[in-house]
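[1] missing the sequence, but the structure's below:
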């Protein structure tokens, strides 16, 4: 009996006999286990600050560096997964916790990811003295921050929208709350969680590359990985090495796409309540291997068994506690809780201002705000320019469904490719043609994030019902009128999503794209990203805090004043249903 | 006397509104389900019948009163009571077998036994061959069969059915209903009692040994109709038709608003739960009633049958016609008033005028909105202003629905205008 879709939640022992697919799968499982062991050893290697880890530009060392980079990414992803489930579960179940956790998440989301790196690296290094693990942790933490927040939001949203009849059914059939979480709430969350996870990993390549070569307090620490390889190539002005790195990165992302992204997405569709629309989707080859091979079922049933043991343990605990009387929420307590929260927030604000003001004068704070405005102007102008270019192209592609099917995976791929790999090329060009770095460094910000605009415009265009297109033709709506009345309103919601993602990515990229090096030449564009990069290199914690706080305020202001309003407008007026 | 399977004593339910005023949904409901009995609950929207079923299930705690299952207090879902849901409530990521097994698994039934019982239940309900299908592969009727199999596999004493056939088309519903009744009548399932909430009068008369009719706002048991006819019951029989008529009469005449007894209808207030009826449907029904074969007067069961209208569609229309003074209902018959006939014979502009006058005269909410707009200097008012007033009387969702309804009526009658983007009501353009 063949088992469709692999059925991860129920497995039959009788089916666990090995088959041919295991010939492919077993080496892979063992390989992963060995990789984890090797990576763990390498990460915990001895290390003293000031010691220089030699990065070789020999292209044959690149596969090893790539593995280290991928491993870092995987660690960040696992941490983000655990964090998102726990955090979202608490926020969704406790009304009181929700009051703090969700706004906190919203703020965290707008903190630049490389800012987290600047803040935390010294702390992590102190945590593991004499070992490389501290720096590794800081890099992994930066990757974690690039993934955790939107994954958590997606899980939280899903937990809040479990259909009430399903909850009632689970209660009627006496599922314990542990079981309910794993059998109902998590499966319900999976489709959007997997989508967000995969999007985050795509975006994460940029940060993993950027976070491997860290400059703290004048010291440059290079973790073995592709990012450090590129940093070394930049210092040594080796364009060929950069070419090799680009090729290897290309292969890594291709493998990630084939071995993780597509199989996971196809698998997650099984958790949708109604997926009749995409029945004709072809199952990715790697998913078939996973589902046919018995060894994976063995792993599954092991996990399920652990889950079952935890459940019965918890059930025993719950029985012991059941005797208690139902607690009534007390309004006075609520008031005290709220006041305590406000007090805490006020104290934190005062402390931050005091900390920054101790070393930084008022005029510099004003200056930093001006720098923020410069970067904001860059972001806005670039989003505008990218829209002017990609909206017409995206519409043209979207109107040709066959072409769109082929282009979309390519665009996804381009979005995943870490644009910082191409920064050196830009520097070489700027130097060669003696261009003004204030202007010509700016496009780097949007180099990697413009694809979100293109991707979403294509999606939005293909979603336009054929009937509406035909009606427009029938009424003779053409050219300018067609753009204004038909296609632009139709793609607006999708476009806003793309533009928000692109803008967020550009703010993040500003930290690495406003200061770019080539050998001993450094090009700087005036902006808050450059300010943060400089202060991080100098290890000036008060100024790092100032820079990141101001950048955060700008991102928050943009989100509230611009993007959220556009979102609301799109949701209210221009939905296609 | 033996202990009833299920018993409620003076069960009331109050939902807390945002401003801490309670909203009474169920008011002192006394009910017993006896061994071997199928009870159907009928009522218009707002009768709390679905809430009542959830209280019986232990899913919703009553605000007052108590529920007992075989003499034991029910405060959470208990073993022995199973439920079937209106929209199936199947877990999309589990196969048919997985869904059916889930309830057994939670009860701690072990592997082999669990498998055997699940397969038996699937066979019993006629789903053999679909064990490994996912719910999304199945049609609605098949999905609801899975819902039944999942409920029956735990060998429940009591089966609670929440409009189980209302998401299905007529033919599918009839087949499934027939299969369930066969299982019940032949004692092939261990279930000893069934409570079904329904919105289909004929369905209730076809299967129930007793029908409870709930009145609305708040929900109370208004009448109980025992049905002693032997099953299977033919829907054409005289006795069957008589009971259907009786149910229609009870459902269409609120106590105190019964035209036949000549009592003056109780005036309705601003917070009245306006029925969910569209202007187009109202006009259509008036036209239908004017023409042959009705000529202004129709038997409601007959009308529902001929025009293919289920209770949830027909009753709001009828109530609106009564409310606006376009028709009178008594003894299960509907008759157009002279005003209703005038509406039918008028042209489009005159219809609007008749409708506007009726609206301002009989619907206090519409009159209130118009008055407020007249009094304000700019003749404009935000919709939320009225929404908040409605929320004093109705739940948030209902308040929104009622406001939407009255805005639609008012726009059609051109007694006020509404701007969707700004959510402002006004007297513009008149």
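    Received, thanks. For clarity, every value in this text was computed on a predicted model and none was experimentally measured.
[2] can you tell if the helix or strand where residue A:504 lies touches chain B?
    Element membership for residue A:504 (DSSP states H and E) is helix A:488-513. No - for helix A:488-513, no contact with chain B is found by C-beta under 8 Å from any C-beta of the partner chain; the gap never falls below 13.8 Å. C-beta coordinates here come from the backbone N, C-alpha and C atoms, glycine included.
[3] name the helices or strands packed onto that helix?
    Helices and strands touching helix A:488-513, by 3 or more C-beta pairs under 8 Å, 6 or more residues apart in numbering or on different chains; DSSP states H and E, are helix A:113-127, helix A:186-212, helix A:362-398, helix A:443-447, helix A:450-463, helix A:528-538, helix A:541-558, helix A:564-573.
[4] Could you check it and say which residues are buried?
    Residues A:490-513 are the ones in helix A:488-513 that count as buried (16 or more other C-beta atoms under 10 Å in any protein chain shown).
[5] which intervals of chain B have sub-threshold pLDDT?
    For chain B, applying pLDDT under 70 flags the ranges B:1, B:17-21, B:254-266, B:429-430.
[6] Need the outlier residue of it, farthest from its centre.
    Residue farthest from the centre of chain B, counting by C-alpha atoms, centre = their mean, is residue B:377 at 42.6 Å.
[7] could you say what helices and strands the helix or strand hosting residue B:317 packs with?
    According to DSSP H and E, residue B:317 maps onto helix B:311-323. Applying 3+ C-beta pairs under 8 Å, 6+ apart, one finds that helix B:311-323 contacts helix B:238-252, helix B:279-290, helix B:300-306, strand B:327-330.
[8] Return the distance of that helix from the chain's centre.
    Centroid separation for helix B:311-323 versus its chain: 13 Å, with C-alpha atoms, centre = their mean, to the nearest Å.
[9] Report the angle between it and helix B:238-252.
    60 degrees (axes from the mean of the first three to the mean of the last three C-alpha atoms, to 10 degrees).
[10] What residues sit buried inside helix B:311-323?
    Within helix B:311-323, the residues scored as buried using 16+ other C-beta under 10 Å are B:311, B:314, B:315, B:316, B:317, B:318, B:319, B:320, B:321, B:322, B:323.
[11] For residue A:567, see how far away the first one is.
    As defined by C-beta to C-beta, to the nearest Å, residue B:311 lies at a distance of 41 Å from residue A:567.
[12] And for the fifth one?
    Applying C-beta to C-beta, the value for residue B:317 to residue A:567 is 39 Å.
[13] Could you do the last one as well?
    Distance of residue B:323 to residue A:567, given as C-beta to C-beta: 40 Å.
[14] Likewise for the third one?
    With distances taken as C-beta to C-beta, residue B:315 is found 40 Å from residue A:567.
[15] Please determine whether the helix or strand containing residue A:266 lies in contact with chain B.
    Using DSSP H and E, residue A:266 maps to helix A:262-268. No - shown here: helix A:262-268 not in contact with chain B (C-beta under 8 Å from any C-beta), separated by at least 9.8 Å.
[16] In the stretch 101-250 of chain B, what residue spans correspond to strands?
    For the stretch 101-250 of chain B, the strands defined by DSSP state E, counting those that start in this stretch cover B:158-162, B:193-197, B:210-215, B:220-226.
[17] Redo these as a markdown table? Include mean neighbour count and distance to chain A.
    Listed next are the strands of the stretch 101-250 of chain B as a markdown table, based on neighbours: other C-beta atoms under 10 Å in any protein chain shown; distance: least, C-beta to the nearest C-beta, whole Å:
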| stretch | mean neighbour count | distance to chain A |
| --- | --- | --- |
| strand B:158-162 | 24 | 9 |
| strand B:193-197 | 25 | 14 |
| strand B:210-215 | 22 | 20 |
| strand B:220-226 | 16 | 24 |
